[in-house]
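Enquirer: Need coordinates for the following:
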Amino acid sequence: MKKISILGICLLILAGIVVVLFRGFNVNFLLEQHEVIEFNIGKDFELSDVKNICKEVFGKKKVVLRKIELFNDSVSINVSSITNEEKENLVNKLNEKYGTEKDISDVEVKTVAKVRIRDWVKPYVKPTIVSSIIILGYIAIRFRNDNLIKVIAKIVGTIILTTLTILSVFAICRIPMAPICIMVLIMVALAELILYINKLEQENV
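Expert: Numbers count the residues shown, from 1 in each chain. Next up, the predicted model:
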């Protein structure tokens, strides 16, 4: 049964690697390079109405809408790309829908740069290294009478295998990757570490 489970995990990881090589991860749209328009409606509104207008203007382009400002009376319209014609059409339709009188020149199209995955990971590198050194130091002292190299190798191998399995699931299921995913991986690795240390503690009672 254990061999079947290991084989299944290996096949899952292999499939994940193939998906990443050919399609990459499904990165959250807002973390990719895109363009954004912020439009102040000045009153309460339904995102669904703005969404319908965006469908008419941008067609099949990817669009993400968010309410902004203190009173949620403005909308942030994130689109993969915006032409001058689309901008003009969007402003006219929003003016018509909400009775605003925005001039096309008053509405700015901003380009948002792509966020690299290395930028997600960077804030966690130093804390992770420090934590790892402390934990490995504890293991070296607490289990010095055991085969230390074997213990550490098994811990590292288990964490790597679990991380690759989770990343493979993200890739295959096309789950949008975002900075929160790094937190999930760290928490899972920490849980694996705690469970394994607890198991060693029980064996050495």
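Enquirer: hey, let's count contacts and neighbours off CA atoms from now on
Expert: Fine.
Enquirer: And stretch 144-156, what's buried?
Expert: Going by neighbour count (16 or more other C-alpha atoms under 10 Å), the buried part of stretch 144-156 is 151, 155.
Enquirer: What lies in contact with it?
Expert: Applying C-alpha atoms under 8 Å, 6 or more residues apart in numbering, the contact partners of stretch 144-156 are 136, 140, 193, 196.
Enquirer: in which helix or strand would I find the first one?
Expert: Put plainly, it is residue 136. helix 117-142 (DSSP states H and E).
Enquirer: Would you indicate which residues of that helix are buried?
Expert: By neighbour count with 16+ other C-alpha under 10 Å, helix 117-142 contains the buried residues 120, 139, 140.
Enquirer: Same check on stretch 194-205?
Expert: Residues of stretch 194-205 classed as buried by neighbour count (16+ other C-alpha under 10 Å): 196, 197, 200.
Enquirer: what's the answer for stretch 27-42, then?
Expert: For stretch 27-42, by 16+ other C-alpha under 10 Å, it's 27, 29, 30, 31, 34, 35, 36, 37, 38, 39, 40, 41.
Enquirer: What is the subsequent helix or strand relative to the helix or strand encompassing residue 9?
Expert: Using DSSP H and E, residue 9 maps to helix 2-23. The C-terminal neighbour of helix 2-23 among helices and strands, as given by DSSP H and E, is strand 34-40.
Enquirer: any idea how the protein splits into domains?
Expert: By the assignment in automatic domain parsing, the chain contains the domains 2-26+116-203, 33-112.
Enquirer: avg pLDDT for the first one?
Expert: So the one you mean is domain 2-26+116-203. Averaged over domain 2-26+116-203, pLDDT sits at 81.
Enquirer: cool, the shortest one as well?
Expert: The predicted model assigns domain 33-112 a mean pLDDT of 89.
Enquirer: how far is that domain from where the chain is centred?
Expert: 24 Å (C-alpha atoms, centre = their mean, to the nearest Å).
Enquirer: now the longest one
Expert: Remark: domain 2-26+116-203 is offset 17 Å from the chain centroid, using C-alpha atoms, centre = their mean.
Enquirer: between the strand or helix carrying residue 153 and helix 2-23, how big is the angle?
Expert: Following DSSP H and E, one finds residue 153 within helix 148-172. Between the axes of helix 148-172 and helix 2-23, defined by axes from the mean of the first three to the mean of the last three C-alpha atoms, to 10 degrees, the angle is 50 degrees.
Enquirer: Between helix 117-142 and helix 148-172, find me the angle.
Expert: Using the same axes, to 10 degrees: helix 148-172 against helix 117-142 is 150 degrees.
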